[in-house]
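Student: Pasted the sequence and its predicted model underneath.
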Amino acid sequence: MSKHGRVLVAMSGGIDSTVAAVMLHNEGYEVIGITMKTWDYANSGGGGKETGCCSLDSINDAREVSVQMGFHHFIVDIREEFGDYVIDNFVDEYLAGRTPNPCVLCNTHIKWNSLLKRADALDCEFIATGHYAIINELENRKYVTKSKDRHKDQSYVLWGLSQECLNRSRFPLGEYTKPEVRQMAYDWGFTELSKKGESYEICFVPDNDYRGFLKRRVEGLEERVDGGDFINTQGEIIGKHSGYPFYTIGQRKGLGAAFGKPMYVTEIRPESNTVVLGEVDDLLRNGMTVGQINSMKYASIPDGIETITQIRYNSPGTLAQLQNKDGKIEAQFYANVSGVAPGQSAVFYEGDDVVGGGIIHGSL
């Protein structure tokens, strides 16, 4: 009989999830490892070598650790549910002129749901991952707090987790730094694993060429959108572009044209296949609307609360006041913010605690 209960650990084959699993095993949990196959690299159509969490090497690495530590390991094929939801949303968002964050969507709607479903089938009380984050509690509500390692903190991508998910989740790495995690792997005899590099790319776009992925995924897309207008903030045509889905807010490089001065994408208008360009100051916004809200620390996000509001992963965030309005949050920045991109996540922090988050709908 295990000391702390049975836990299902998501194991990608990387150092973080491996150390998380071994830590829980050493603490007295009955660990069951699970590796989720979300995507076939060959289906992406990109060139290069298969890498990342869905590669055969990574799956074998996870299984090998499980065998070595003496706990069960399962491989679960979730390609169909992943593809239908995450990849279709990824494509649809770009075609709507927005910039999606598929990792947030995957965590919220696919990975945790898949883990909970399999945990129930295997009589596991808990699920665990190798995320760098901490779970705290206030008045019977669980919420995510930033991890000890601020360079690796992943609280930003976890804003969408429900109370059900948080009540059953464990993040063993939250109180450790990445160097400490590497040292643990080395001390436990996982010498090669301790040297394993990071994987930052989107799992289904392993070559980091999302434009190429869209072209391969949507038949005839290039012909449909090629030759649209670049316009300036006064509405004057200043050039031609290769298609609005291939640009993102704040983009400066790769515009395919010279304008005599640095120009940035400030707005995307899919209905007219138009991309608006401006100078760096034209990217500044003093507020935004955020929808699809998940309130985490409180039952609902308090009107008038001041939070550090983060609009992209690894940004420092900006102080803002939040107001509830028509089921959305209006965030008024105390200092202008550059590059507010519809489709990206906005996460609201009170100190290190995640108050909640949502999807950016637009600027105020």
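Tutor: Here it is on my side, so go on.
Student: All the strands of the stretch 101-250 of the chain, residue numbers only.
Tutor: According to DSSP state E, counting those that start in this stretch, the stretch 101-250 of the chain carries its strands in the segments 126-128, 133-138, 141-146, 169-170, 228-232, 237-241.
Student: Mean neighbour count added to those, as TSV?
Tutor: Using the backbone N, CA and C atoms, a C-beta is placed for each residue, glycine as well. Formatted as TSV, the entries for these read as follows, by neighbours: other Cβ atoms under 10 Å:
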stretch	mean neighbour count
strand 126-128	22
strand 133-138	16
strand 141-146	21
strand 169-170	22
strand 228-232	19
strand 237-241	15
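Student: out of these, which comes closest to residue 363?
Tutor: Distances from residue 363 to each of the strands of the stretch 101-250 of the chain were compared using Cβ to Cβ; the shortest belongs to strand 228-232, at 17.6 Å.
Student: Centre of the chain to that closest one, how far?
Tutor: Using Cα atoms, centre = their mean, to the nearest Å, the mean C-alpha position of strand 228-232 is found 31 Å from that of the whole chain.
Student: Now do the contacts for the closest residue to residue 186 other than its chain neighbours.
Tutor: Setting aside the residues directly before and after it, residue 186 is nearest to residue 194 in space (Cβ to Cβ, 6 or more residues apart in numbering), at 4.1 Å. With contact taken as Cβ atoms under 8 Å, 6 or more residues apart in numbering, residue 194 is in contact with 15, 182-183, 185-186.
Student: what two of the residues you listed are the furthest from one another?
Tutor: Across the contacts of residue 194, the two members that end up farthest from each other (Cβ to Cβ) are 15 and 183, 10.8 Å apart.
Student: Which of these two has more residues huddled nearby?
Tutor: Comparing residue 15 with residue 183 by neighbour count (other Cβ atoms under 10 Å), the higher total belongs to residue 15, at 25 against 14.
Student: Surely that one touches residue 180?
Tutor: No: in this structure, residue 15 sits apart from residue 180 without contact. The criterion is Cβ atoms under 8 Å, and the distance is 11.5 Å.
Student: Run through the protein and note the low-pLDDT ranges.
Tutor: Within the chain, the stretches falling below the threshold (pLDDT under 70) are 1-2, 41-55, 200.
Student: what about the helices in it?
Tutor: In order along the chain, the chain carries the following helices (DSSP state H): 15-27, 56-69, 79-82, 88-95, 102-105, 112-121, 163-168, 178-187, 191-194, 210-217, 221-225.
Student: which residues are contacting the fourth one?
Tutor: Contacts with helix 88-95, where a contact means Cβ under 8 Å, 6+ apart, come from 99-100, 102, 105, 204, 210, 214, 217-218, 245, 270, 343.
Student: Try it again at 6 Å.
Tutor: Residues lying outside helix 88-95 but in contact with it, judged by Cβ atoms under 6 Å, 6 or more residues apart in numbering, are 100, 102, 105, 214, 217, 245, 343.
Student: ok, now the fifth one?
Tutor: Taking Cβ under 6 Å, 6+ apart as the criterion, the residues outside helix 102-105 that touch it are 86, 89-90, 157, 202, 345.
Student: re the thing from before, quick check: the farthest pair among the contacts of helix 88-95?
Tutor: 105 and 245 (17.8 Å).
Student: any chance of the strands of the stretch 101-250 of the chain in JSON lines, plus distance to residue 76?
Tutor: As requested, the strands of the stretch 101-250 of the chain are exported to JSON lines (distance: least, Cβ to Cβ, whole Å):
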{"stretch": "strand 126-128", "distance to residue 76": "13"}
{"stretch": "strand 133-138", "distance to residue 76": "23"}
{"stretch": "strand 141-146", "distance to residue 76": "25"}
{"stretch": "strand 169-170", "distance to residue 76": "18"}
{"stretch": "strand 228-232", "distance to residue 76": "42"}
{"stretch": "strand 237-241", "distance to residue 76": "42"}
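Student: Skipping its backbone neighbours, what lies nearest residue 213 in space?
Tutor: Closest residue to residue 213 in three dimensions, ignoring its sequence neighbours and counting by Cβ to Cβ, 6+ apart: residue 205, at 4.9 Å.
Student: ugh, typo on my part, it should be residue 185
Tutor: Taking Cβ to Cβ, 6+ apart, and ignoring the residues beside it in sequence, residue 185 has residue 194 as its nearest neighbour in space, at 4.0 Å.
Student: Could you check how far the one you found is from residue 14?
Tutor: Residue 194 sits 11 Å away from residue 14, going by Cβ to Cβ, to the nearest Å.
Student: Could you single out the nearest of the contacts of helix 102-105 to residue 228?
Tutor: Among these, and counting by Cβ to Cβ, the member closest to residue 228 is residue 90, at 21.1 Å.
Student: re the thing from before, ok, of the contacts of residue 194, which one's closest to residue 139?
Tutor: The closest of the contacts of residue 194, once distances to residue 139 are taken by Cβ to Cβ, is residue 15, at 35.8 Å.
Student: which residues touch residue 6?
Tutor: 30, 124-125.
Student: From the chain's centre, how far out is stretch 219-236? Work that out for me.
Tutor: With Cα atoms, centre = their mean as the basis, stretch 219-236 stands 28 Å off its chain's centre.
Student: Straight-line length of that stretch, end to end?
Tutor: The straight-line separation of the ends of stretch 219-236 (Cα to Cα, to the nearest Å) is 31 Å.
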